[in-house]
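Participant: Below are the sequence and a predicted model for it; my questions follow.
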Number of protein chains: 2
Amino acid sequence: MTGRRQEIRERNRLSLIEAVLDSVAEKGISETSVSEIIQRAELSRGMIHLHFGGKDNLVDEAARYSSEQYYNGIYDLLETTGQTGQEHIEMIVRGDLSETILNKKNVSIWYAFRGEARNRAAIAAFSDTRDAKLRNLVFNAFARIAKEAGAEHPNQVARDATHGTLAMLEGMWTDYLLHPDSFDRDEAMRIVFRFLRAMFPKHFDLSGALLSE
Amino acid sequence: MTGRRQEIRERNRLSLIEAVLDSVAEKGISETSVSEIIQRAELSRGMIHLHFGGKDNLVDEAARYSSEQYYNGIYDLLETTGQTGQEHIEMIVRGDLSETILNKKNVSIWYAFRGEARNRAAIAAFSDTRDAKLRNLVFNAFARIAKEAGAEHPNQVARDATHGTLAMLEGMWTDYLLHPDSFDRDEAMRIVFRFLRAMFPKHFDLSGALLSE
DNA sequence: TCACAAAATGGACAATCGTCCATTTAAATC
DNA sequence: GATTTAAATGGACGATTGTCCATTTTGTGA
C-alpha cells in the first residue's frame, strides 16, 4: 500500500552508492572492489548488476551523487544570506572552507575521482558540471561587484576575480588533502580575503577586518 | 670493460619506471597492471620482481622519480636567473606554468598519484617532499622581499604570500587538468601576478606590466 | 674460447577480479 | 490464506591480477 517494495529498493540502491563513497574515501578507487562494496552495503553480490548493470556504472553514479551533494551544500548556504555580490562571495568562500564541506571524507573522495577523471568520461563530466555551476555562481557575484566598483571592463575583471578566487580555493583544498590535521581554516580564509580586498578594496574591507590579521 | 652489464641493467630499470609513468598518464593508476607495464617497457614479466621486488615498489619508485624530475626542473630554472627575491618568484611562477613543466603528461601523472597518496604512505611522502622543497624556495624569496618592503612582521607576510601563491598555482594546475586545451597560460600568469602586485606593489610592478593586461 | 655468473626470460600459480543467472525470499494482489 | 511477481541472493564462471622461480641468455674475466 505504502509502496514498501519500492522504498526498500531505493534504500538498497542508496546503500550501494554510499558504500562506494565510503570505500573510495577510506581505501581509494583502486581498492574499491565489488566484494568491498557489497560487504559495506551488507547486500548480496548480484545487487550491483541488478541496480546499475555493472560496477563501472555504479561508480559513475556515486561520483555524480557526490558532486550533487557538494553543489547543494553551497547552494543551500546562499539561501541563508543576503543577495549582494559580496555576501554571496563571502558565503561561498566560507562554505567551501567550512567543516561541513571541506572535511577528510569529502576531500578524499573528490581527489580520488579527479585522479581518474581523465580516463573516465562520465566522471569527468560530473566534475565539470560541478565546477561550471560553482564558477557561474561566483562569476555572477563578481560581475555585480565589478560593476558597482565602476570597473572599466567589469566582465573581464569579474572573470579574473573568479579565476583567481577559485584557483586559490582549489589550492586550499589541496593543502587540506595533504595535511588535514595541521590545516588552518582561518589562515586559509584570511589569505583568500586578502586577495579579494586587493581586487575590490571597498567591497571586502569589513570582511577582512573580521578575521584576525 | 665499460661495465656494459650494469649499463644495460640500469637502462632496463629506467625503462620500467618510464613505462609506469607513461601508463599512469595514459590509462590511470587503476589500469596500470604488470602486463601493461612490461608490454610498454618491452621487457619480460619477471623484471619487475627482479629490479623492484614487486609492482608496488616499482610504482612508488616511479612516483619518487617523477617528483624529483619536477623539482629539478624548477631548480635548474632558478640557476639561470638573478638572485633577488622577485626574480626567484617570477621564475618559479613562470616555470610552474610553462609548457615544459605544466603539460598534459605531467599533470595526469601528478593528479593520479595524488589521488592515491592518502592510501599509500610512500607516495604521500614523495608528494610531501616535493611540496616542502618548493615551499621552502618560495618562502625564502618572499622573506627577502618582505624585509625589503619593510613589513612589520616579515615572516608572517612571507608565510601568507607563500601560502597564497602556491594555492593559486595549484588551482591553475587543476584548471589545466580539467581543460588542457582551453587553458590560457598568459591569463593564469596575469592573475597570479595581480595577487603578487597587490601584496608587494613595488616589487612586482614591472613584471605585471610586461604581461598584456 | 671456455667457464662462470649475473641478468633476463616467460610460464605456472593461487588469488582476486567483475559478470551473470538459477534459485530463494518476501511484498503485493486477489 | 493462496497466488503472483518483483526483488534479492550467492555461487559458478572465465578473465585477469601480481608473484615467483626453473630455465635460458649473454656479458665478463680467465
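Facilitator: Looks like it came in fine. Numbering: from 1, shown residues only, chains lettered A, B, ... in the order given.
Participant: can we go C-alpha only for contacts and neighbour counts from here?
Facilitator: Fine.
Participant: which residues in chain A form helices?
Facilitator: Per DSSP state H, chain A carries helices over the ranges A:4-27, A:34-41, A:47-52, A:55-78, A:85-96, A:104-117, A:121-148, A:154-178, A:185-199, A:205-210.
Participant: Turn these into a markdown table, including mean pLDDT.
Facilitator: Formatted as a markdown table, those follow (pLDDT from 0 to 100):
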| stretch | mean pLDDT |
| --- | --- |
| helix A:4-27 | 96 |
| helix A:34-41 | 98 |
| helix A:47-52 | 98 |
| helix A:55-78 | 95 |
| helix A:85-96 | 95 |
| helix A:104-117 | 93 |
| helix A:121-148 | 93 |
| helix A:154-178 | 95 |
| helix A:185-199 | 92 |
| helix A:205-210 | 52 |
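Participant: Out of those helices, flag the one nearest residue B:190.
Facilitator: Among the helices of chain A, helix A:154-178 comes nearest to residue B:190, with 8.7 Å by Cα to Cα.
Participant: Now do that closest one against helix A:121-148, angle only.
Facilitator: Put simply, helix A:154-178 runs at 130 degrees to helix A:121-148, going by axes from the mean of the first three to the mean of the last three Cα atoms, to 10 degrees.
Participant: In terms of secondary structure, what does helix A:154-178 contact?
Facilitator: In terms of contacts (3 or more Cα pairs under 8 Å, 6 or more residues apart in numbering or on different chains; DSSP states H and E), helix A:154-178 is packed against helix A:104-117, helix A:121-148, helix A:185-199, helix B:154-178, helix B:185-199.
Participant: Any chance of those in TSV with distance to residue B:147 and mean neighbour count as columns?
Facilitator: Converted to TSV, these look like this (distance: least, Cα to Cα, whole Å; neighbours: other Cα atoms under 10 Å in any protein chain shown):
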stretch	distance to residue B:147	mean neighbour count
helix A:104-117	36	23
helix A:121-148	33	18
helix A:185-199	19	20
helix B:154-178	6	22
helix B:185-199	13	20
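Participant: Out of those, which is closest to residue B:9?
Facilitator: Counting by Cα to Cα, residue B:9 lies closest to helix A:104-117 out of those; the figure is 32.2 Å.
Participant: wait, does the closest one contact DNA strand C?
Facilitator: No. Using Cα under 7 Å from any atom of the strand, helix A:104-117 stays clear of DNA strand C, coming no nearer than 14.4 Å.
Participant: close to chain B, is that helix?
Facilitator: Yes. Using Cα under 8 Å from any Cα of the partner chain, we find that helix A:104-117 touches chain B at A:108, A:111, A:112, A:113, A:114, A:115, A:116.
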